[in-house]
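for reference, the sequence and a predicted model appear below.
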Amino acid sequence: MFFTVTCNPALDWMMRLPSFQEGATNRSVFDELSYGGKGVNVSTMLHRLGLETRASGFIAGTTGSALVEGVEAAGVPCDFVRLLQGQTRINVKMKRGEIQGALEETEINGRGPKVGCAAVDQLRERVAALGEGDWLVLSGSLAPGCESGLYAELARVAAERGARCVVDTTGAALMAALEARPFLVKPNNHELAELAGCDARDEAAVIGAARDLAARGARYVLVSCGGDGALLVDADGLVARGSAPSGVLVNSVGAGDSMVAGFLAGLAGAVLPGCEACCPGEGDLSYALRLGLATGSATAFSSSLATAEQVADLLSATSVEQATERSAVHL
Ligand SMILES: O=P(O)(O)OC[C@@]1(O)O[C@H](CO)[C@@H](O)[C@@H]1O
């Protein structure tokens, strides 16, 4: 089972505007509500790909109740810790431009409710219930009140119970989590370039920065590079380079989370409808990278998180160049 933790989930309010003028009243031409936060998106996508998952983290107020209701209605069981004060944030995702033309995306992410020690204890208890064969996915920014070492601590609790851990966050929380030796971290090339002080298009430097994260404790580093695909790196260097299918970017919100879900589903040997022959079984890194790319791209090419059919349609358009013999992992 894949247990996702989103410390600061959100109602994502998507608005499309033909144009935007600062300091004026702007009116949208299309609005859509989705239930988000990085781990919630990972759970939703894993569920669509046929895997067992549960979403957790912290929720508060009426917006928090709406989030749980929406996520459960989509088929994902929830086990959130309820905060006694505040409201789960509403993040505004503004898209300006034509659906099939150049699209400018602007995001305003809320601060989110404050998390106290008692709530952290309750989350720790939920993680402590995981066991052998389970995965803990820690995704997104930490909520106000959370220590930067929270993900590291939860990852250690999971590891003590024999569960594997995936971390998708940035900054101090990511650096601290590396010490807990997660199975996978997923920065993008821009985040790595910032860490290394290099250009995001400089592949060798980005691989060097990813290798550094692996040397600090991550078993694998999955580097998403937008339309340029993804790199899989371990402490010895590049494991594989994957090319993304080409298509029109409609929505980048949740594309990275979809890639994480697709990669994990691929590692678990998930078989998509009509793609039975593509799946080599569990633990194949190359298939995991391809399914990660197909899932991330399918979301980027649709108005919200992709369906399993949209992912299946793109799987054959992905390709992976294996850089080493290290093509499988024992799970
Ligand atoms: O503020 P964070 O936690 O970094 O990111 C939150 C968020 O932007 O990430 C998801 C997309 O990845 C959205 O569903 C959500 O609004």
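Perfect, I can see it now.

quick one, phi/psi of the residue most central in space within the chain?
In the chain, the residue lying closest to the centroid (CA atoms, centre = their mean) is D257, at 2.5 Å. Dihedral pair for D257: phi -70, psi -40, per degrees, to the nearest 10.

look up how far the ligand lies from it.
The gap separating D257 from the ligand is 5 Å, by CB to the nearest ligand atom, to the nearest Å. Backbone N, C-alpha and C define where each C-beta goes, glycine included.

what do you get for V115?
Going from V115 to the ligand by CB to the nearest ligand atom gives 13 Å.

that residue: neighbour count?
By the other CB atoms under 10 Å criterion, the neighbourhood of V115 contains 24 residues.

tell me the contacts of it?
Neighbour list for V115: 7, 58, 83, 143-146 [criterion: CB atoms under 8 Å, 6 or more residues apart in numbering].

name the element it belongs to?
Using DSSP states H and E, V115 sits in no helix or strand.

residues near the residue lying closest to it once chain neighbours are set aside, how many?
The shortest distance from V115 to any non-neighbouring residue, by CB to CB, 6 or more residues apart in numbering, is to G145 (4.1 Å). By other CB under 10 Å, 17 other residues sit near G145.

hang on, G145 is in a strand, isn't it?
No. Counting by DSSP: H, G, I helix; E, B strand; the rest coil, G145 is not part of a strand but coil.

before we move on, the earlier item: and the nearest residue to the residue nearest to the centre of the chain once chain neighbours are set aside, how far from the ligand?
Distances taken as CB to CB, 6+ apart place N41 nearest to D257, at 3.6 Å, with adjacent residues excluded. In this view, N41 and the ligand are 5 Å apart by CB to the nearest ligand atom.

picking that back up, which single one of the contacts of V115 is nearest to D202?
Of all those, D202 sits closest to C7, with 32.2 Å by CB to CB.

next up, the contacts around the nearest residue to that closest one once chain neighbours are set aside.
If you skip the residues right next to it in sequence, C7 has A143 as its closest partner in space, 4.5 Å away by CB to CB, 6+ apart. A143 makes contact with 7-8, 58, 112-115 under the criterion CB under 8 Å, 6+ apart.

check which helices and strands the lengthiest helix in the chain is in contact with.
Counting residues, the longest helix found in the chain (DSSP state H) is helix 285-300. Helices and strands touching helix 285-300, by 3 or more CB pairs under 8 Å, 6 or more residues apart in numbering; DSSP states H and E, are strand 220-224, strand 230-234, strand 237-243, helix 255-267, helix 308-315, strand 319-322.

ok, the residue of the chain found nearest the ligand - how many residues close by?
Nearest to the ligand, among the residues of the chain, is G36, at 2.6 Å (CB to the nearest ligand atom). Residues lying near G36 (other CB under 10 Å) number 28.

mind listing the helices in the stretch 101-250 of the chain by residue range?
Using DSSP state H, counting those that start in this stretch, the helices of the stretch 101-250 of the chain run over residues 117-128, 150-160, 171-178, 189-196, 203-215.

so for E105, which of the ones you listed sits nearest?
Judging the helices of the stretch 101-250 of the chain by CB to CB, what sits closest to E105 is helix 189-196, at 14.4 Å.

enumerate the residues of the chain near the ligand.
8, 10, 12, 36-38, 41, 91, 107, 109, 140-141, 253-254, 256-257 (CB under 6 Å from any ligand atom).

report the buried members of the residues you listed.
Among these, the ones that count as buried by 16 or more other CB atoms under 10 Å are 8, 10, 12, 36-38, 41, 91, 109, 140-141, 253-254, 256-257.

show me this structure divided up by domain.
Here the domain parsing of the chain from automatic domain parsing is 1-18+27-132, 183-331.

can you put these in a markdown table and add mean pLDDT?
Converted to a markdown table, the domains of the chain look like this (pLDDT from 0 to 100):
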| stretch | mean pLDDT |
| --- | --- |
| domain 1-18+27-132 | 95 |
| domain 183-331 | 93 |
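
out of those, which comes closest to T170?
Of the domains of the chain, nearest to T170 by CB to CB is domain 183-331, at 5.6 Å.

run the chain-centre distance for that closest one.
Relative to the chain's own centre, domain 183-331 is displaced by 11 Å; criterion: CA atoms, centre = their mean, to the nearest Å.

hang on, T4 packs against T53?
Yes. Contact status for T4 versus T53: in contact at 6.5 Å, counting by CB atoms under 8 Å.

tell me which of these two has more neighbours.
T4 (32 against 24).

which of the helices of the stretch 101-250 of the chain is buried the deepest?
helix 150-160 (a mean of 21; mean count of other CB atoms under 10 Å).

and it, what does it pack against?
Helix 150-160 packs on helix 117-128, strand 135-139, strand 164-168, helix 171-178, going by 3+ CB pairs under 8 Å, 6+ apart.

now it against strand 164-168, angle please.
160 degrees (axes from the mean of the first three to the mean of the last three CA atoms, to 10 degrees).

ok, residues contacting helix 150-160?
By CB under 8 Å, 6+ apart, helix 150-160 touches 5, 7, 120, 123-124, 127-128, 130, 134, 136, 138, 142, 147, 164-165, 167, 169, 173-174, 176-182.

stretch 225-242 too?
Outside stretch 225-242, the residues that reach it (CB under 8 Å, 6+ apart) are 188-189, 200, 203, 206-207, 210-211, 214-215, 219-224, 243-244, 246, 249, 259, 285-286, 289-290, 292-293, 296, 318-324, 326-327.
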